[in-house]
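Peer 1: Quick one: sequence plus predicted model below, questions after.
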Amino acid sequence: MNGYSYDDSPESERCRMSASYEITDTLCDVPMIHEDVVRDVQKRIADEEMLFDLAEFFKVFGDSTRIRILHVLSHAELCVCDISALLLMSQSAVSHQLRILKNARLVRNRRDGKVVYYSLDDEHVKDILNVGCEHLNEK
């Protein structure tokens, strides 16, 4: 994710939009009601490149097969054969999805002899899955 942060901390400086344009009230028929809030938010919103990268990142989560793979990897480090057996999928289909997940830096691999083991790239991935589950379980 290129070191982005979606908060107001100093580390998230790249997520702030450059003030390359000025907010005017000509964009809609109603003048700004809360101009101070609008100007404050303008200083904090992310730049277009970061928002595009964020959208691309979340697209990876838009496939249920990839979510299933991430879910099993959240419980254990596994090889392609084991993932295939757990998910009742072909090894080639699992390998294809693992390549996408690896390119998105969501999983990593390590080789032990002839066997390649896969795991979640870091705890952030598990956190994303957990927060998603928590959100879905809200009543």
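Peer 2: Here it is on my side, so go on. Numbering: from 1, shown residues only.

Peer 1: can you tell me the helix or strand for the residue nearest to residue 70 when sequence neighbours are not counted?
Peer 2: Nearest in space to residue 70, with sequence neighbours left out and distances taken as C-beta to C-beta, 6 or more residues apart in numbering, is residue 129 at 6.0 Å. For glycine as for every other residue, the C-beta is placed from the backbone atoms N, C-alpha and C. Residue 129 belongs to helix 123-137 when elements are defined using DSSP states H and E.

Peer 1: Are there helices or strands packed against that helix, and which ones?
Peer 2: In terms of contacts (3 or more C-beta pairs under 8 Å, 6 or more residues apart in numbering; DSSP states H and E), helix 123-137 is packed against helix 64-73.

Peer 1: residues in contact with the next helix or strand after the helix it packs on?
Peer 2: Once the chain leaves helix 64-73, the next helix or strand it forms, by DSSP H and E, is strand 78-79. The contact list for strand 78-79 (C-beta atoms under 8 Å, 6 or more residues apart in numbering) reads 72, 86, 115, 116, 117, 118, 119.

Peer 1: Phi and psi next, for the third one.
Peer 2: Just to be clear, that refers to residue 115. Main-chain torsions, residue 115, degrees, to the nearest 10: phi -100, psi 130.

Peer 1: tally of neighbours for it?
Peer 2: 11 (other C-beta atoms under 10 Å).

Peer 1: Chain neighbours aside, what residue packs nearest to residue 110?
Peer 2: Leaving out its chain neighbours, residue 110 is closest to residue 117 (C-beta to C-beta, 6+ apart), at 5.4 Å.
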